[in-house]
Every structure is written in structure tokens, then in C-alpha cells.
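> kindly generate the corresponding structure for this input.
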Amino acid sequence: LKALRLTDKDAPPYKDGFWMVRDLLQAWNDNMDEQFFSGLISCLDESISVWTNLYTCPGFMFVPRKPHPFGNEYHTMCCGETGIMYVMELVEGKDRPSQLPPLEHSHLG
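Next comes the predicted model:
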């Protein structure tokens, strides 16, 4: 697994714990945007990717209302008719590097 890579980019010169997965998430969202058309009902939710060691997980969050409250948080959208997830956004919070441009909808709060 040491040779497994999720991006073909080199590490940035600043501290960024998510640089390896950012391109993967963008490619997945772009592909779903091109290939999938949601029904009239969509569900917006917060999901947690379970991770139990806060020292090895960038963006580690504790969300007590979740069944598995430790890990990375994602904002997701699913089609209410098919159950297919078609948008996923990683919640970086304070761990997002200031050197990166602001997110598309960050001005909305």
C-alpha cells in the first residue's frame, strides 16, 4: 500500500493534510455531474468517514450526534428516489490551508 497514490501531483510546499484526496473527490464529483441526473427529491446530509486516531487523521472531527462520531466529515447529496450519492464535499474546517483559494460557496457561511 505504500506505493498507492490517489493523485499524480506532488505534495504542496505548505502543510496540507488533504492534498492526496482533493483531486480524487473533484474527479468523482465531476464524473457524477456528467453521468448522473438526480430525481426531483434530493437529500442533503452530513456523513462521517470513521477514523479513531486523531493523530493520524487530518481534519479529525468529533460529532456526538452521529452513530460513529469520530473521523472526517463530508457534506453529501443523494437522490431520494434511487439512493445514489452524487455530490460529496470534504469538510476541512480550520485544517484547510490558507494558501488555497476559498471554496466556491464559502462566502455563504
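> could you pull out the helices in the protein for me?
With DSSP state H as the criterion, the chain has helices at 19-35.
> where along it do the strands fall?
42-50, 61-62, 70-79, 85-90 (DSSP state E).
> of all those, which one comes closest to residue 6?
Closest of those to residue 6 is strand 85-90, at 12.6 Å (criterion: CB to CB). C-betas here are computed from N, CA, C, even on glycine.
> quick one, what contacts the residue nearest the centre of the chain?
Centroid check for the chain by CA atoms, centre = their mean gives residue 90 as the closest residue, at 2.1 Å. Neighbour list for residue 90: 18, 21, 22, 25, 59, 72, 73, 74 [criterion: CB atoms under 8 Å, 6 or more residues apart in numbering].
> ok, back up a step: weakest of the strands of the chain in terms of mean pLDDT?
Lowest mean pLDDT of the strands of the chain: strand 61-62, a mean of 84.
> so what secondary structure elements neighbour that strand?
strand 70-79 (3 or more CB pairs under 8 Å, 6 or more residues apart in numbering; DSSP states H and E).
> can you name every helix or strand that the strand it packs on contacts?
strand 42-50, strand 61-62, strand 85-90.
> now, of those strands, which is deepest in the fold?
strand 85-90 (a mean of 17; mean count of other CB atoms under 10 Å).
> name the strands paired with it and say parallel or antiparallel.
strand 70-79 (antiparallel) (DSSP bridges).
> if you count neighbours, what's buried in the partner strand?
Buried residues in strand 70-79, defined by neighbour count with 16 or more other CB atoms under 10 Å: 70, 71, 72, 73, 74, 77, 78, 79.
> pretty sure residue 82 contacts residue 41?
No. Under the criterion of CB atoms under 8 Å, residue 82 is not in contact with residue 41, lying 9.9 Å apart.
> that'll do, ta.
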